[in-house]
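# Next input, structure requested:
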Amino acid sequence: MRAACVALLGALGCQGGNASGGATAGSATPAGSAAPVAAGSAAPAAAGAAAAAGSASAGAAGSAQAGAGAAHEISLTSEDVAKVMNPKRQAPYSGPTGTLKGRVTIKGDPPPDTGLSFPIGKCGEAAATYGRLFRVGQQNGVADALVTVVNYSGYVPEREEAEKVTIHGCAFSKRTVVMSYGQRLEVANLDPLEPYMPNLEGAPFMAVLVAVPQGDPVKFYPPQPGYYHLVDKLPKPFLKAEVFVLKFATHDVTGLDGKFEIKDIPVGKVLTAALLPAIDQDVKREIEIKEGDNTLDFELNFDLKKYNEKPHTKPSP
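Predicted coordinates for the structure are as follows:
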């Protein structure tokens, strides 16, 4: 994994350093050492099934999803999740909370072209999503930035059972996905005709999952906190998203406007961070959360010359 991703996940992988006796943020295990196993087992099975998936029907998808049911379904209420997310078995925090809102912007050089090619006609959104190194919207707002808050007092549970991602025009709805350990990942196909074969690399591969046009979402259950890749096993190598499974619930990912919003943060001093995985760059800020709305903006800087001078090894799940 790239340096900033390792550093940020190493520091923020656990919500810690709080008055309730958790570990300090810096003592969290880096994502690289906590990375899920068995990713290599996905390739042989996927290669054999790719041709058949191109003509997948709703019935085939149903049987594929049923086959995936053999995988261990992790939930927010399972004992394995509780040991990681709430090891001291604290009651959910019920004191005063604040909401953190803001924008992540970027200055400097524009994002370079990725050099990727996209099918003409049916993949209308792919070029806009993956055609450049990162996505920039109006007023320099940057999309797909991961924003986190840690080092508060108390246990804040995740309220949503699933993190949802859609596919349309050969593009995922986001290039960075963040979720809490215990959530499932649901991937739904919004296209009227085009099938997809999503796969979560880094999680045990149990069956071929076909996301049929406008059908039920396929579901994935990350087996532990860490770093994963969401990909498509049909011939669309550009269709990817980076997935971060964290040990706390206070996080968000920016849209094209660069905006984020994180709710239910216990009041007091906290550590915040914004990470743009595409350029392996993060910014950290310590602030005090007050009851009600709080505002904080982050600014990243992209220097194309410096970026090109650094080695860029794609992270492996």
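
# three-state assignment of A278?
helix (DSSP: H, G, I helix; E, B strand; the rest coil).

# so what's the most centrally placed residue in the chain up against?
Most central in the chain under C-alpha atoms, centre = their mean is V177, positioned 2.1 Å from the mean C-alpha point. Neighbour list for V177: E163, V165, L185, L230, A241, E242, V243, F244, V253 [criterion: C-beta atoms under 8 Å, 6 or more residues apart in numbering]. Where C-beta positions appear, they are placed from N, C-alpha and C, glycine not excepted.

# repeat for F238
With C-beta under 8 Å, 6+ apart, F238 has these contacts: T114, L116, F118, A126, Y130, C170.

# And it, what's its pLDDT?
pLDDT, F238: 95.

# My reading is that it lies in a strand. Confirm?
No: counting by three-state DSSP, F238 is located in no strand; its state is coil.

# out of the contacts of F238, which are buried?
F118, A126, Y130, C170 (16 or more other C-beta atoms under 10 Å).

# shouldn't the second one be in contact with P237?
Which is A126. No: contact between A126 and P237 fails when scored by C-beta atoms under 8 Å: they sit 10.9 Å apart.

# E201: how many residues sit nearby?
Per other C-beta atoms under 10 Å, the neighbour tally for E201 reads 21.

# scratch that, K122
Using other C-beta under 10 Å: K122 sits among 12 other residues.

# For it, give me its contacts.
G169, C170, D191, L193, E194.

# Can you give the distance of stretch 286-302 from its chain's centre?
Mean-position distance between stretch 286-302 and its chain equals 21 Å (C-alpha atoms, centre = their mean, to the nearest Å).

# just checking, F302 touches G108?
Yes: judged on C-beta under 8 Å, F302 makes contact with G108 at a distance of 4.2 Å.

# Just want to know which of the two has more residues nearby.
F302 (21 against 15).

# Give the full set of residues in contact with the more buried one.
Applying C-beta under 8 Å, 6+ apart, the residues contacting F302 are I106, K107, G108, D109, P111, F134, I279, Q281.

# mind checking how far the residue found closest to T97 once you drop the neighbours it is linked to in the chain is from T176?
Among residues not flanking T97 along the chain, D264 sits closest, at 5.1 Å (C-beta to C-beta, 6 or more residues apart in numbering). The gap separating D264 from T176 is 21 Å, by C-beta to C-beta, to the nearest Å.

# ok, now D80?
25 Å.

# who's more crowded, the two?
T176 (20 against 14).

# Okay, helices next: where are they in the protein?
Taking DSSP state H as the test, the helices found in the chain are 3-12, 42-53, 58-68, 79-85, 126-130, 304-309.

# Identify the residues contacting the shortest one?
The set of residues that contact helix 126-130 without belonging to it, under C-beta under 8 Å, 6+ apart, is 114, 116, 118-119, 135, 169-172, 175, 236, 238-240.

# Quick one: those residues as JSON lines, columns for distance to L200 too.
Output for the contacts of helix 126-130, formatted as JSON lines (distance: C-beta to C-beta, whole Å):
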{"residue": "T114", "distance to L200": "22"}
{"residue": "L116", "distance to L200": "21"}
{"residue": "F118", "distance to L200": "23"}
{"residue": "P119", "distance to L200": "23"}
{"residue": "R135", "distance to L200": "22"}
{"residue": "G169", "distance to L200": "21"}
{"residue": "C170", "distance to L200": "18"}
{"residue": "A171", "distance to L200": "17"}
{"residue": "F172", "distance to L200": "12"}
{"residue": "R175", "distance to L200": "15"}
{"residue": "K236", "distance to L200": "16"}
{"residue": "F238", "distance to L200": "17"}
{"residue": "L239", "distance to L200": "13"}
{"residue": "K240", "distance to L200": "11"}
